[in-house]
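Asks: below are the sequence and a predicted model; questions follow.
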Amino acid sequence: MELSLDFKTDKVYDVVIIGAGPAGASAAIYTSRAGLSTLVLYRAEADGALGVTQQIENYPGIRGPISGYELLKLMREHAKAFGAEFVRGKVIATDLLNEVKKVYTIDGREFKARAIIIASGAMERTNKYKGEEEFLGKGVSYCGVCDAAFFKNRPVAVIGEDDYALEETEFIARFASKIYLVVPSSRIKAPPEIIEEVQSKEKVSILLHHRVLEIVGTSLVEGLKVQDVKTKEIKLLEVDGVFIFLGGNKPSVDFLMNQVEMTDEHCIVVNEEMMTSVPGVFAAGDVLCTNIKQAVIAAADGVKAALAVDKYLNKKAKITSQW
Ligand SMILES: Cc1cc2nc3c(=O)[nH]c(=O)nc-3n(C[C@H](O)[C@H](O)[C@H](O)COP(=O)(O)OP(=O)(O)OC[C@H]3O[C@@H](n4cnc5c(N)ncnc54)[C@H](O)[C@@H]3O)c2cc1C
């Protein structure tokens, strides 16, 4: 679960894949097997739609039931065996219009590639809490690595319910005196061993199935008002900071900064070879908003994008199958 900040970023990869779900991991199997240097960036280990899936038993060849995270690990190991590199880092910006494309992560790293596959899924938040915009940068944050040090020896709340939120909580716990982990759902959608690790931290109190009512303060955050869904009890948590790591069902495309064509619903538009409106930039999986959201379909999309990258980089006349 260590977040590495000393990764060498001067290399120009053949392809950088954003997302390590079934679309991104399957693309990585094909690009790395084709001899293309491949880097996969992802937010957290058990992240994305498959990462939070408790059980799956319809993925071809894997009879299951198996957790989505276990299946993801198999796909990623498969890609790593062909040489793909997987690096944890939330992508927040991209520069896609030149021949060498640049990808920037939240902790300030820059990665370069001749082609990009966007496989970031569709799990972005759709709505905001009362007080969230007012106190953004004044105690409200979306980034532990960037802002946790500002809360050294001070109490904070973390709102989230998956592995991404847990990994950020672990990092913030290095600094904060106390962390209230507010979980809107009735369960944390993460592997048991990761939940246990966070539970074992004395300074973390987990408030399961609590609805967030409001972030309160004057000029800076002074508290978080939450309600226990079962008992209806309202509590004011006295905190100086509120970190929010929640998902929804919107495509994860903010980092594209409108450089590629999208629909009104922010779904990426691709041609029959999975290429976006920008040459060298491809997309696959749930980020396309295909009407059937299934792991095997996302994986197949990823494979199509990977073969199209091979055609693009090697200037082939047409896409060729990989045997
Ligand atoms: C509860 C649930 C149950 C499901 N059950 C099944 C099932 O039984 N069978 C089945 O076939 N399908 C199932 N699905 C659907 C399936 O999980 C999805 O269709 C599939 O995971 C989509 O794959 P993807 O690779 O496109 O996106 P995801 O799996 O969502 O992966 C997205 C990846 O992008 C990364 N990412 C996102 N934003 C960023 C960023 N800014 N920077 C870096 N990385 C980023 C994430 O970390 C993640 O690695 C289920 C989905 C859900 C939500």
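Replies: That came through, no problem.
Asks: show the average pLDDT along stretch 133-147.
Replies: Averaging pLDDT along stretch 133-147 yields 91.
Asks: and that stretch, what's buried?
Replies: Of the residues in stretch 133-147, 135-136, 139-145, 147 count as buried by neighbour count, 16 or more other Cβ atoms under 10 Å. Just so you know, the C-beta spots here come from the backbone N, C-alpha and C atoms, and that holds for glycine as well.
Asks: now render those residues as JSON lines, adding distance to the ligand and secondary structure.
Replies: Shown next, in JSON lines, are the buried residues of stretch 133-147 (distance: Cβ to the nearest ligand atom, whole Å; DSSP: H, G, I helix; E, B strand; the rest coil):
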{"residue": "Phe135", "distance to the ligand": "23", "secondary structure": "coil"}
{"residue": "Leu136", "distance to the ligand": "18", "secondary structure": "strand"}
{"residue": "Gly139", "distance to the ligand": "23", "secondary structure": "coil"}
{"residue": "Val140", "distance to the ligand": "18", "secondary structure": "strand"}
{"residue": "Ser141", "distance to the ligand": "16", "secondary structure": "strand"}
{"residue": "Tyr142", "distance to the ligand": "11", "secondary structure": "coil"}
{"residue": "Cys143", "distance to the ligand": "11", "secondary structure": "coil"}
{"residue": "Gly144", "distance to the ligand": "14", "secondary structure": "helix"}
{"residue": "Val145", "distance to the ligand": "13", "secondary structure": "helix"}
{"residue": "Asp147", "distance to the ligand": "17", "secondary structure": "helix"}
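Asks: how about the residues of the chain near the ligand?
Replies: Neighbours of the ligand within the chain, by Cβ under 6 Å from any ligand atom: 18-24, 41-44, 47-50, 53, 56, 58, 90-91, 119-121, 123, 252, 255, 285-287, 293-296, 298.
Asks: put the buried members of the residues you listed into a ChimeraX selection.
Replies: Here is the ChimeraX command that picks out the buried ones among the residues of the chain next to the ligand, judged by 16+ other Cβ under 10 Å:
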select :18,19,20,21,22,23,24,41,42,43,44,47,48,49,50,53,56,90,91,119,120,121,123,252,255,285,286,287,294,295,298
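Asks: residues contacting Lys178?
Replies: By Cβ atoms under 8 Å, 6 or more residues apart in numbering, Lys178 lies in contact with 155-156, 203, 205, 239.
Asks: can you list the domains in this protein?
Replies: Domain assignment of the chain by automatic domain parsing yields the ranges 12-124+249-313, 140-245.
Asks: out of these, indicate the one that is most buried.
Replies: Ranked by mean neighbour count, the domains of the chain are led by domain 12-124+249-313 with a mean of 21 (mean count of other Cβ atoms under 10 Å).
Asks: the spatially most central residue of the chain and Ala149, how far apart?
Replies: In the chain, the centroid-proximal residue (Cα atoms, centre = their mean) is Arg43; its distance is 3.7 Å. Counting by Cβ to Cβ, to the nearest Å, the gap from Arg43 to Ala149 is 20 Å.
Asks: next one: Phe171
Replies: To Ala149, Phe171 is 10 Å away according to Cβ to Cβ.
Asks: swap in Leu41?
Replies: 23 Å.
Asks: just Val242 next, same as before
Replies: Taken as Cβ to Cβ, the span from Val242 to Ala149 is 16 Å.
Asks: hmm, who's touching stretch 191-204?
Replies: Stretch 191-204 has contacts (Cβ under 8 Å, 6+ apart) with 1, 45-46, 67, 69, 163, 166-167, 169-170, 173, 176-179, 181, 188, 206.
Asks: from these, which land in strands?
Replies: Counting by DSSP state E, the part of the contacts of stretch 191-204 found in strands is 178-179, 181, 206.
Asks: and those residues, which is closest to the ligand?
Replies: For the ones in strands among the contacts of stretch 191-204, the closest approach to the ligand (Cβ to the nearest ligand atom) belongs to Leu181, at 19.5 Å.
Asks: picking that back up, greatest separation within the buried residues of stretch 133-147: which pair is it?
Replies: Phe135 and Val145 (19.7 Å; Cβ to Cβ).
Asks: that older thread, just to check, the residue nearest to the centre of the chain is in contact with Ile92?
Replies: No - contact criterion Cβ atoms under 8 Å: Arg43 and Ile92 do not qualify, at 10.6 Å.
Asks: from the stretch 101-250 of the chain, which residue is nearest to the ligand?
Replies: Gly121 (2.5 Å).
Asks: check that residue and give its pLDDT.
Replies: So Gly121 comes in at 98 (pLDDT).
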